[in-house]
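**Q** what's the 3D shape of this:
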Amino acid sequence: MSNKTLAFIFGFIFFAKLLMAQTSDSYTLQKCIEIALANNITMKQSLLTVEGNKVAVNQAKMNRYPNLNAGASQSLNFGRSVNPYDNTVVANQKVNSSSLSLSSNVNLFSGFQNERTIQQRRLNLKASQEDIATTRNNIVLGVVEAFANVLSNKALLASTTAQFQSTEAQIDRTDKLVKAGRLALTNLYDLKAQLAIEETNIVLTENNLEISKLSLAQWMQIDPILITDVIEPSLFIEEQAEKSAKEVYVVAESNQPQISAAKTRLVSADKDIEIAKSGFYPSLSFQAGLFTNYSSLARNFIPGKTLNAPILAPVNTLLLQDATGNLVPFTVNQVITSGPGTFENLKFNDQFDNNLRAGFTFNLNIPLFNAFQNRYLTENARISKLNAKLQLDQQKNQLRQTIESAVTNEKAAKKRIEAVDKQLLALEEAFRSTEQRYNLGVLNTVDFLLSKNNLARAQNDKSRFRYDFFIRRAVLDFYLGKDLNFN
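**A** Numbers count the residues shown, from 1 in each chain. Purely as a prediction, here's the structure:
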């Protein structure tokens with residue numbers, strides 16, 4: 001590959017990335033949630049499951065109606081066969097035959113199986129719709145947490161950058177003080193070492209920011225390069241009375257879709273038992289049909305013309321005994337009033353009308369013994385119901401444990417942010433005094449850097465604790481059925 005080709009390829013990649021960077025945008029939280037919901041594969045699968053359950057409901061409804069089927073057949077036989085027109089046996093002939101049928105069948109009674117199947121499939125549809133809400137909630141919470149992590153790392157980067165710039169400014173001041181002889185040269189070296197540490201912190205924070213952007217992009221299922229920045233929403237802390245985990249759980253149990261879905265599936269399991277029990281009942285069905293057929297050997301006899309004078313044609317001669325015991329021949333004659341007749345092939349239309357027949361049947365099936373299959377189906381349905389009950393209990397336990405953790409984490413986050421606010425206020429005053437004394441040359445570098453690092457650590461903690469608290473509060477608001485605090 002030539003150098004010109006390589007240059008063209010690298011140039012194309014560079015401009016493609018530049019174009020992508022130009023088309024990228026700053027994302028709001030609402031936009032991130034919308035994109036994540038639109039792109040999430042699990043969400044799409046849940047929507048398809050709902051559509052499939054809608055089809056299943058409609059299919060169960062249509063099972064209540066009669067079916068209607070038309071049939072046709074065409075056959076060609078050689079040699080000895082049966083003429084379907086009159087069911088006579090013919091030999092060494094070709095028989096071309098056709099048949100047409102129209103039939104219908106309807107289930108009149110099957111132990112209420114159809115109605116219970118419709119009810120069960122409606123419940124399955126409802127559960128799948130609640131699954132969509134569960135998937136949506138999980139995506140929203142995941143995006144909110146990833147978005148808040150980006151905001152937190154942005155704030156940390158801004159804080160570490162400000163610390164770096166502050167140290168740079170302090171180095172300039174210290175350099176002047178050293179040149180003036182008011183501070184020792186070691187002070188300048190200590191500050192330059194501190195600057196190197198803070199430069200490393202910036203790199204680490206930038207890496208953490210990129211990782212958090214990657215996590216957000218993965219939730220949104222887009223290229224991470226498109227996320228250049230996020231827009232911080234208004235974060236509002238609503239003063240509210242603290243609630244215990246039990247109080248939150250009582251509210252959450254009634255509005256969380258995963259609990260509703262588990263309850264719906266438990267009711268569906270009951271319907272499954274009823275469907276299995278339907279097999280113990282007799283079933284009654286009705287059938288009706290319309291049939292006709294055609295045969296190439298079907299013929300119709302056409303009598304000859306009527307004769308003016310009847311003709312006596314001898315048929316047979318019999319020997320009869322007379323009175324003397326002698327055998328006397330007696331001729332049996334047939335009176336012929338018409339000329340010889342002919343046969344003609346019947347057309348399809350004529351055979352269609354002549355052979356048309358209809359019928360209907362009632363079928364009653366009474367189950368007496370079927371190798372205990374209905375009993376086993378019922379037992380399996382009962383086992384499935386027990387499993388559905390355990391699934392409901394598991395969902396409740398998971399919700400209870402999640403809420404207990406959420407309440408504990410929210411209280412801890414609130415205490416941390418209150419504590420760091422007080423700590424930051426004190427450290428800011430202490431650093432202001434420390435900085436003044438250092439600039440006057442009455443404080444050594446070690447004490448100055450200790451005060452500066454304490455303040456920087458508190459500032460970083462506030463940045464982290466601030467968004468951590470809002471995540472915890474948002475989770476609690478979510479379980480309480482409120483809107484998220486990220487506006």
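**Q** and the helix or strand harbouring A158, what other elements does it pack with?
**A** Applying DSSP states H and E as the criterion places A158 in helix 113-179. Applying 3 or more CB pairs under 8 Å, 6 or more residues apart in numbering; DSSP states H and E, we find helix 113-179 packed against helix 29-39, helix 41-62, helix 185-220, strand 227-230, helix 257-277, helix 373-439, helix 445-479. Yep, even glycine has a C-beta here, placed from its N, CA and C like the rest.
**Q** how far off centre is the fifth one?
**A** How far helix 257-277 lies from its chain's middle: 19 Å, per CA atoms, centre = their mean, to the nearest Å.
**Q** identify all contacting residues around that helix.
**A** 111-113, 116-117, 119-120, 123-124, 126-128, 130-134, 137, 252-253, 374, 377-378, 380-382, 384-385, 387-389, 391-392, 395-396, 399 (CB atoms under 8 Å, 6 or more residues apart in numbering).
**Q** residues of that helix that come out buried?
**A** Across helix 257-277, burial judged by 16 or more other CB atoms under 10 Å covers 257-277.
**Q** that helix to helix 373-439, inter-axis angle?
**A** Orientation check (axes from the mean of the first three to the mean of the last three CA atoms, to 10 degrees): helix 257-277 against helix 373-439 gives 170 degrees.
**Q** could you give the average pLDDT over helix 257-277?
**A** Per-residue pLDDT over helix 257-277 has a mean of 94.
**Q** likewise for the shortest one?
**A** Taken as a whole, strand 227-230 has a mean pLDDT of 88.
**Q** that one packs against which elements?
**A** strand 25-27, helix 113-179, helix 185-220.
**Q** what's the pLDDT at N77?
**A** Confidence score, pLDDT, at N77: 79.
**Q** could you do the one 5 residues further on as well?
**A** We note a pLDDT of 77 for V82 in this prediction.
**Q** poorly predicted segments of this structure, please.
**A** Applying pLDDT under 70 to the chain flags residues 1-25, 85-86, 235-241, 301, 303-305, 307, 309, 311-313, 338-344, 483-487.
**Q** farthest residue from the center of it?
**A** The outermost residue of the chain relative to its centre, with distances by CA atoms, centre = their mean, is T324 at 108.3 Å.
**Q** and the host helix or strand of T361, which residues are buried?
**A** T361 belongs to strand 357-365 when assigned by DSSP H and E. Within strand 357-365, no residue counts as buried by 16+ other CB under 10 Å.
**Q** ok, residues contacting it?
**A** P282, S283, L284, S285, F286, Q287, A288, G289, L290, F291, T292.
**Q** switch to 10 Å and redo it
**A** 102-105, 107-110, 281-293 (CB atoms under 10 Å, 6 or more residues apart in numbering).
**Q** run me through the strand neighbours of that strand, direction for each.
**A** strand 283-295 (antiparallel) (DSSP bridges).
**Q** dump the strand it pairs with to CSV, restricted to CA.
**A** C-alpha atoms of strand 283-295 as CSV (Å, rounded to 0.1, in the frame of the first residue of the first chain):
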residue,chain,number,x,y,z
SER,A,283,-67.5,-32.3,24.9
LEU,A,284,-70.1,-31.7,22.3
SER,A,285,-69.5,-30.6,18.7
PHE,A,286,-71.6,-30.1,15.6
GLN,A,287,-70.5,-30.9,12.0
ALA,A,288,-72.3,-30.1,8.7
GLY,A,289,-71.2,-30.7,5.2
LEU,A,290,-72.1,-30.4,1.5
PHE,A,291,-70.6,-32.9,-1.0
THR,A,292,-70.8,-33.7,-4.7
ASN,A,293,-68.7,-35.7,-7.2
TYR,A,294,-68.0,-36.3,-10.9
SER,A,295,-67.1,-39.4,-12.9
